[in-house]
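> Sharing a model prediction with you, sequence too.
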Amino acid sequence: MHRVLGDRRAIAILLGPALLVYSLIMLVPMFWSVGYSFTKGNTIEGFTWHGFGNFSHLWSDPNAHQALWFTLKYAVVVTVGQVAVGYLLALLYVFFLRRASALIRTLVFFPMVLPTVAVGLLFKALFQIAPQYGPINQLLVDVGLHPIDWFSSTGTAFIVLVIMDVWRSMGFYAVLLYAGLVDVPDDILESARLDGASGLRLVRHIVLPLSFPVLMSSLIFSINGTLKVFDSILPLTNGGPGNSTTPLTVLMFNTAFDYGDYGYGSAIALLLTVVCLLVTLVVFRVSRRDLTKG
Amino acid sequence: MIATSTRSKRRLLGLSASAAALTLLASACGGTGGGASSGGGSAAPSSFSFLSATENTVDRAVLTSLSKNECATENKALPLSVQTQPQANLNEKVQLLAGQNALPVTFHEDTPTTVVQLAQSGKVENLEPLLQKLGVEDQLLPSAVSTVKELYNGQLDALPAEYNIEGIFYNKQIFAAHGLSVPSTWDELVADAAKLQTAGVQPFSASGQQGWPITRLIGDYIFRDLGPNAMKDVADGKAKLTDPAYVAAAQKVADLGKAGYFGKGVGSIDYNTALNTFLTGKAAMLYMGSWALSNIGDPKQDSVGAANIGFMPFPAVAGGQGSIDQYPSNIGLGIVVSSQYANNTEVDDWLSCVAKNYGTDSLKGQSTISGFKVNTPVPAANAVTTQVQTTMSTATSSVLWFEALFNAQATTTSQQDAAPLVSGSMSAQQFMSAVQNALTSGS
Amino acid sequence: MSTGTPTRTYAPARARRRLGLGRLTVRVLLTVLILIEVLPMIWMFLTSLKSNSDYLNNSSWSLPSHWLWSNYSTAWTTGNIGLYVRNSALAVFPSLLLLLLLGTAAGFALQIMVWKGRNFTLLIFLAGLMVPVQMILLPLFTIYTQAGISGTLWPLILTYTGANLPLTVFMMSTFYRAVPREMFEAATLDGAGILRSFWSISVPMVRNAILTVGLVEFFFIWNDLLVALTFTNNQNLSTIQVGLLNFTGQFGSTQYGPLFAAICINVFGTLLIYLFLNQKIMKGLTGGAVKG
C-alpha cells in the first residue's frame, strides 16, 4: 500500500533540487578533477595531456611522501587523542559530576565553536619564544627550565598541533560519547557491581563494550575530519618548519595555486580521497561486527 | 492526490523550484570582477586598484601620496584603492586572481617566473611600448630598466617602483662599543659576530618566517665565491645547487645559525619584528635592502637614530671569483600592470603621472630610491641615505639574488626551508637538494 | 517522543554511580580541566589590553600596565572586523537555508517515499561524505570563473551548499527513519497531497532535527577556511577566517594589542552566540544525530 508514497512527480520535486546541486557541485567536479590529474597546466596557461606523469611523480616525490606520512601520523594521533580524552571526560561527566556536569560540558565544548584561525593564532602566541616568551615558555623559565623554540623542530611543532586540536575538540567528543554512556542501563551496572566489579574493571568489562558503537562512530567522525586537516595548520605552523607539518590538503593547495600545477594538485587530491575512503572502510570493517552485536 | 489545496502546493513547488533556480540564477548574475577578456583589451576598471605585499609599506605610501598631490586629477577620475596580502602568500594570491580573471589594475609579485608566465598568456602588460606611447619612457633609469629586463625574460613587465641595493646595515654604537671595524671579508664578519655573541649582543636580526633575509645571505655568498654568473648557471642547468661549492655556501649560513647569531626563535620572527629588533638596538646587524631607509629615517620606528646606523656591502669571500663591489640589486617587488586594463585612458593617465612623479615622491616621502628619475632635487634625509646613494651611483656591476631565477616551487621551498637550515634541523646538503628538486620538478 | 529527536538532555540522577575515585581527586581533575579551558582565554583578553612596549618588555604573565581599550577600536576599524562578520553571515546563512531546504526534502524522499533505487541514491550521497573538498576545488574554480560569478559571494554559497549536502541528507534521512510511514499514507488518503504532507506534517515533526543539523552545519561552514581562501578574490569579500589569517600582516604584525583584540572580538562574539544556542546544541548532539 505504497501508492501515495511512490508518487514519481513528488519524488522528483523533493529530491530533484538536492540531486541537481549535489551533482553540479560535487559529482561532476569529482570526475572532472580525475580528468585534471592526467594533465599538466592551469587555467592561465591552459592544459596539456600528461598521461600518468602526475601519478609517477606522486610515487617518487619526497614532498608527497612526507605529506602523506604527516597526514596519517596526524590523523591517528589526533583522532586517538580526541576520542580518548573525550571518553575520559565523558566518564567524568557521567560517573562523577552527574547532574552538575551541564556547566562543565558547556565550558569544555566551547573551543569547538571558535574560528579555527583564531585558535591557531592564540596557540601560536601561547607557545611563542620571540620576540617575547609566550606564557608557556615564561612558565618554563619561571620554574627554572630552558624555554623551547616550539616551532623550530618537527617534533615540538607536531606536539603543539596535537595539543591544540585535542584542546579544541575534546569537548565535542566528550558530549557525543556522553550521549552514549548515559544510555548504559543502570541495572546492568548495579548487578555488575554486586558481582564485585568496580573501578577500572567495571569500565573495561561493562562500560566500554556497551558504549562501543558510539565510540566507533566518534572514531569515524574524528578520523574523517583529521585526515582533511587544513585550517588548524595554516595559522599555527603554515606547514613548517620547512614542509614538515604540511599535510596532503595543504600540499594540494600550494601545488595548485602557488606552483600553478592543477594536474599534480588534482592527483594529490585524488590520493587524499583514496586515503579517506580506505581509512573509513578499515575503521568501519573493524567496528562492524561489534556494531551489529551492540 | 485528490482535491489538494493547490495554493499551498504551489508554494511548496515554488520553494523547491526556487532552490534549483538559484543555481541557474547564480550563473546569470554577479560577475563584477570577471568576464573581462584578457590580452590587451581595455576593460574599464572601477578603481586604480593596487594589490600590495603587506610587508612593503613604501610603494603604497608613495602611491597614496601621489593620489593626494601630483596625481589628484587622475585620482578623481579613477580613485586609487589599495589592498594588501602577506608576502608569504602573494604569489598564490596572484595566481588565484589570474585564474579568475580578477587581477587588479596593478599588483606586486615576488616571483619573476610567474610574471613571465602571466605575460606570455597575455595577462600582464609589456610596459615598454605602452610607456613609449605615453611618451614617458625616458622617466625610467636605464640601469633599472636593464635590471627589470634581466628578471623578466627581456621584457619590461614591471615598473621599478624601487631600485634597491642590498647589504648589511649595522649599529655604529654597538660596533664602536665592542671595538669592531667594518668587516671586508666573510671571515672577518664571522669573527665580529662571534665577539658580539660572547659580549651578549645578538649579532644579526633576521626574519626566518619570511625566509628570504636568510637565503639572500646564501645567494650573496655564492656570488662572492663563485662569481656573478653562479645562479644563472644553475638556471641554465650548467651547475646544480647540490654541487659542493654551492652546498658550502649554505653551510656557511647554517653555521651562523648554529652559533646562535640570529637570536632565539628565528623561524617565528616575522619581517617587522626583525626590523624592529635592529631599529631598537637589540641586534648589531641587519641584512636588508635600501628600502629599509624609509624605516631607518622614521624616528617613530628607529630609536637607534639614523645617524648611528651605517651600511656596508656584503663582504668578500677570500679567494672567491666575485668581488665586494658587485652589489646585489633589485627593483623591490616591482609593480606589474594587468593587460586587461592597460590602454584604458584613465589607467594610462595614472601610469604617466606615476612615471613622472614617482621618483621624487619616493625619495622625498620615503627616503627610498626608485627606478624612476628624480625630477626635482631632494636633499638627502640622513647620512646613511647619502651613503647608500653614493654607493649606488658608483657601483659598477650588480648581481641578482638567490631565488631571482627560480620557479615558484623552488622559491617557496627555499624560503620555507631557510629557518630549518639555520636552526639546524636541516643540513646544508638537505636544504640544497630540496631546492634543487623543486627547481627540477617545478614547471 | 514521536518527533524523532530524543529530547533527553541530562543524565537522570544516578545515585552512587561511583567508580571509586576519591572526592579530592575529582576536585583536582575538575580544577585542572577548568584552568585548561579558561586560562588561555583570560591570558588572551589581558594581552589584548596591553600596549606594544608593555607586551614586549614585561613578562607575558603580567597584567597590563594600562588597560588600553583603544586596541579594540583599532581592531574594529583598521581590522575591518565588521565587514568580515557581515561577509561570513552573507555567505553562511543563505547556504544554510538552501542546505536545510534541500536536505530535508531529499531526506524525506529517500526515507519516507518508496521507490526503486532510493538505497542506491542514498549511497551516492553517502559517498560524498568521504570526499574532501580538495577534490572538487579546482574544477569549481574553473566553473565559477567561466560562469563569471567569481568576485561575488556566490561561489562560497554554492560550494558550501553542495559540499555539505551529503552530511545534511544523511542526517535528515536518519531522523526520518524514526518517523512512521503510515502517518503519511493516512494523511494522504485524508485528501492532502504527499507534498503537502511533507511540508505541513513531516517538517514540523523533524523541526528539532532540522535545528540540530542546522547548528552542526553552521559551525562547519562558519569555520571554513579552504573554500573561502580559494574563492574570495577581493579583500572586501573576506570572511572572518580569511580576514583573521591575513590579520597579522594587516597590523604590520608589530601591533600586538589590536591583533589580540581582534581575536578576542571573534572569540567572545562566538561565545555570546554559543551561550545563546548552547541548550540546543547539547540537546541536538546528545540526541544522537551522529550516534550511528
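Now that the structure is in, tell me what you want to look at.
> helix, strand or coil for B:Ser46?
Here B:Ser46 is coil, with the state taken from DSSP: H, G, I helix; E, B strand; the rest coil.
> check contacts around B:Glu150.
Residues in contact with B:Glu150, defined by CB atoms under 8 Å, 6 or more residues apart in numbering or on different chains, are B:Leu400. (C-beta placed from N, C-alpha, C; glycine too.)
> and it, backbone torsions?
In terms of degrees, to the nearest 10, the main-chain angles of B:Glu150 are phi -60, psi -40.
> What separation do you get for it and B:Ile331?
B:Glu150 is 10 Å from B:Ile331, where distance means CB to CB, to the nearest Å.
> in the stretch 151-300 of chain B, what residue is nearest chain A?
Across the stretch 151-300 of chain B, no residue is closer to chain A than B:Gly265, which sits at 3.6 Å (CB to the nearest CB).
> Go ahead and confirm that residue touches A:Asp149.
Yes - the criterion here is CB atoms under 8 Å, and B:Gly265 meets it with A:Asp149 at 4.7 Å.
> so what sits against both of these two?
A:Ile129.
> All the strands of the stretch 51-200 of chain B, residue numbers only.
B:80-85, B:106-108, B:158-159, B:164-171 (DSSP state E, counting those that start in this stretch).
> Can you say which of the ones you listed is nearest to C:Leu90?
Among the strands of the stretch 51-200 of chain B, the nearest to C:Leu90 by CB to CB is strand B:80-85 (19.1 Å).
> Need the pLDDT of C:Gly292.
Listed pLDDT for C:Gly292 reads 36.
> Name the helix or strand of the chain that has the lowest mean pLDDT.
Just going to use chain A. One helix or strand of chain A scores below all others by mean pLDDT, DSSP states H and E: helix A:199-202, with a mean of 76.
> please go with chain C instead
Min over SSEs of chain C, mean pLDDT, DSSP H and E: helix C:247-250 (a mean of 61).
> Check which element follows that one along the chain.
Downstream of helix C:247-250, the next assigned helix or strand under DSSP states H and E is helix C:256-287.
> I'd like to know how many residues surround the nearest residue to B:Cys71 once chain neighbours are set aside.
Distances taken as CB to CB, 6 or more residues apart in numbering or on different chains put B:Cys353 closest to B:Cys71, at 4.1 Å, once the chain neighbours are dropped. B:Cys353: 20 surrounding residues under other CB atoms under 10 Å in any protein chain shown.
> One more: the one 5 residues further on?
Other residues near B:Tyr358 number 30, with proximity taken as other CB under 10 Å.
> Surely it touches B:Glu162?
No - using CB under 8 Å as the test, B:Tyr358 is too far from B:Glu162 to be in contact (9.8 Å).
> Now the common contact residues for those two.
B:Ser370.
> Downstream of the host helix or strand of A:Ser218, the next helix or strand is which one?
If you go by DSSP H and E, A:Ser218 is part of helix A:212-226. Where DSSP H and E defines the elements, the next helix or strand beyond helix A:212-226 is helix A:233-236.
> before we move on, the earlier item: pull out the buried residues from the least confident helix or strand of chain A.
For helix A:199-202, the neighbour count (16 or more other CB atoms under 10 Å in any protein chain shown) marks A:Leu202 as buried.
> and what of stretch B:343-350?
B:344, B:346-350.
> contacting residues around that stretch?
Outside stretch B:343-350, the residues touching it (CB under 8 Å, 6+ apart) are B:40-45, B:48, B:71, B:73-75, B:77-78, B:80, B:105, B:130, B:134, B:337, B:341-342.
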